[in-house]
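*Asks:* Have a look at this prediction, sequence included:
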Amino acid sequence: MNASLSEDAPTVYTLDSAVLLYRAGDTNSLAMRYDVRSDAAGALRLADGRFASGSLVNELLELLDNAPLAYVPPNVIAHARDAVAWYEPAAKQTMYFDADRDRAVSTFDGKIIPQPPLVFIATKRSLRVFALQQDARPDLTTPLCDAPYWNTYESGVICLGSMKIPAKIDPSATAQWTRSFFRSSFTHLTTGKRWAHRGTYAEMLADAVKLGHFDPAWLKPACGTTIKSVICGD
């Protein structure tokens, strides 16, 4: 194979080996490495396989080290393989409620409602959300507040329910994750009152609409949780 990323003469690549992944059910898997050989007719064949070793992993990591730099949007706080944390400035969002047991909240279904600044953390296992007192990109020491939403637990973990999960978990997909969160149906209060507003959830939504923004005084501190503690585990 010939390949070139510039006007220089293309580099010639020769197929040397192949890595095949084998799976048994959802939990068991193994990787085998096969050298590639040519037979008498010139056709490529796989030689006997051997279990993938640490040296193969190191080779693949070296290839990744040679990958070009990637732009990271300014709202991204941290990211790793299959995980990303990002900041969403205060904004107005359309919210959807399937709240048969709370008629007052149901009146806000499909309505545009001011939101506090938020921090989302998406991984392969979960989506978490927290709120911020200040509408600015947080640093590691920034304290977090409970996000004032239904379908959300004390740890910030969201009950995904009807939410459409984006295919990617990386810095380029944060807008899709935020959009999917707000386009899902909020159905129930999972734990105790997650806001400091004096009234009910419906009364807080009504006050936010009337005021034109979400008052940070209505946010409830998340028990000493900071950006560092949720993304670094400290």
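*Replies:* It's in.
*Asks:* Strand partners (parallel or antiparallel) of the longest strand seen in the chain?
*Replies:* Taking DSSP state E as the criterion, the chain has its longest strand at strand 28-38. Strand 28-38 has the following sheet partners, assigned by DSSP bridges: strand 17-24 (antiparallel), strand 44-51 (antiparallel).
*Asks:* and of those strands, who's closest to Ile227?
*Replies:* strand 17-24 (35.8 Å; Cβ to Cβ). Using the backbone N, CA and C atoms, a C-beta is placed for each residue, glycine as well.
*Asks:* buried sites along the closest one?
*Replies:* For strand 17-24, a neighbour-count test (16 or more other Cβ atoms under 10 Å) marks nothing as buried.
*Asks:* now swap in stretch 41-56 and tell me
*Replies:* Gly49, Ala52.
*Asks:* what mean pLDDT does that stretch have?
*Replies:* The average of the pLDDT scores along stretch 41-56 is 82.
*Asks:* By mean pLDDT, which helix or strand of the chain comes out lowest?
*Replies:* Ranking every helix and strand in the chain by mean pLDDT, DSSP states H and E puts strand 2-3 at the bottom, with a mean of 50.
*Asks:* Domains in this structure, by residue range?
*Replies:* 2-65, 76-231 (automatic domain parsing).
*Asks:* which one of those has the most crowded surroundings?
*Replies:* Comparing the domains of the chain by mean neighbour count (mean count of other Cβ atoms under 10 Å), domain 76-231 comes out on top with a mean of 17.
*Asks:* low-confidence ranges in this protein?
*Replies:* 1-9, 67, 234 (pLDDT under 70).
*Asks:* Which parts of it are strands?
*Replies:* Counting by DSSP E, the strands of the chain are 2-3, 11-12, 17-24, 28-38, 44-51, 76-80, 83-88, 91-97, 111-115, 118-123, 127-131, 143-146, 185-186, 221-226.
*Asks:* I'd like those strands laid out as TSV, including distance to Asp215.
*Replies:* Putting these into TSV (distance: least, Cβ to Cβ, whole Å) gives the following:
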stretch	distance to Asp215
strand 2-3	57
strand 11-12	60
strand 17-24	52
strand 28-38	51
strand 44-51	60
strand 76-80	24
strand 83-88	17
strand 91-97	14
strand 111-115	9
strand 118-123	15
strand 127-131	12
strand 143-146	12
strand 185-186	20
strand 221-226	15
